[in-house]
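> need a 3D model of the sequence below.
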Amino acid sequence: MSNPDPDKSLSIKKYSNRRFYDTTRSCHVTLGAMHDLICEGYELTIIDGKSGDDITNIILTQIILERDPPKLAMFPSNVLHQVIRTQRELLGSVAEQFFAQVLETHKTSQEKWQQFIQNTLGVSPTMPTNPMEWTRSLMASFTPPPPPKTANDETEALRRQVEELTRQMQRMADANDPPAGK
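Numbers count the residues shown, from 1 in each chain. Now for the predicted structure:
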């Protein structure tokens, strides 16, 4: 895993009244604001103001529970049961190794896919955070632009309009002509 950008690191202090203070930027923040900061790429370190303990994982879990509960569906219930049953010391190292491998594999996969696209198609896609957005932008590069209108196209369109007007005038003339022999 790569080290976080120091310019994107924030220190947050949690006070006993459940308020959070961003000591890096000198302002109060909410759980919602911290969620948004994380989505923007910031790395938060959250310290309990009373005990001085690092409570980052607890608050990040709280943010997931409150702001992104569908993300918990990726863990089958039997895994969650096992997490609760497993001894803390063993679980910490196993889970940390597992997620480090998953995230590193994901990052490597993205980099390889980007290199493949660049080598194969000659385009250099940027990797937005939203995979659907990235897919749309990539597919847009394959959509050919509409062909430019040429003088021949305009002439053909005018010819069709004149033909249609001629047919309409002929129908009107036929409707106004009295039948023969009267």
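> list the buried residues for the longest helix belonging to the chain?
Using DSSP state H to define each element, the chain has its longest helix at helix 88-121. Within helix 88-121, the residues that count as buried by 16 or more other C-beta atoms under 10 Å are residue 114. From N, CA and C alone the C-beta is placed, and that goes for glycine too.
> helices or strands up against it?
For helix 88-121, there is no helix or strand it packs on, judged by 3 or more C-beta pairs under 8 Å, 6 or more residues apart in numbering; DSSP states H and E.
> what about the helices in this structure?
31-39, 56-67, 77-85, 88-121, 131-140, 151-176.
> now the weakest link among those, please, by mean pLDDT.
For the helices of the chain, mean pLDDT drops lowest on helix 131-140, to a mean of 61.
> show me how far stretch 110-118 is from its chain's centre.
Here stretch 110-118 is found 18 Å from its chain centre; the criterion is C-alpha atoms, centre = their mean, to the nearest Å.
> same question for stretch 104-118.
16 Å.
> cool, and stretch 32-46?
For stretch 32-46, the distance to the chain centre is 16 Å (C-alpha atoms, centre = their mean).
> and it, what's buried?
Result for stretch 32-46 [16+ other C-beta under 10 Å]: buried residues 34-35, 37, 42, 44, 46.
> so what's residue 11 up against?
By C-beta atoms under 8 Å, 6 or more residues apart in numbering, the contact set of residue 11 is 22-24, 44-45, 47.
> next one: residue 53
If a contact means C-beta under 8 Å, 6+ apart, then residue 53 has residue 47 as its contacts.
> can you give the domain ranges for the chain?
7-74, 108-140 (automatic domain parsing).
> same list (those) but as JSON lines, adding distance to residue 175.
Listed next are the domains of the chain as JSON lines, based on distance: least, C-beta to C-beta, whole Å:
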{"stretch": "domain 7-74", "distance to residue 175": "66"}
{"stretch": "domain 108-140", "distance to residue 175": "51"}
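> coming back round to it: let me have the buried residues of stretch 32-46 in TSV, extended by distance to residue 74.
TSV is the format used below for the buried residues of stretch 32-46 (distance: C-beta to C-beta, whole Å):
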residue	distance to residue 74
34	21
35	18
37	23
42	23
44	22
46	23
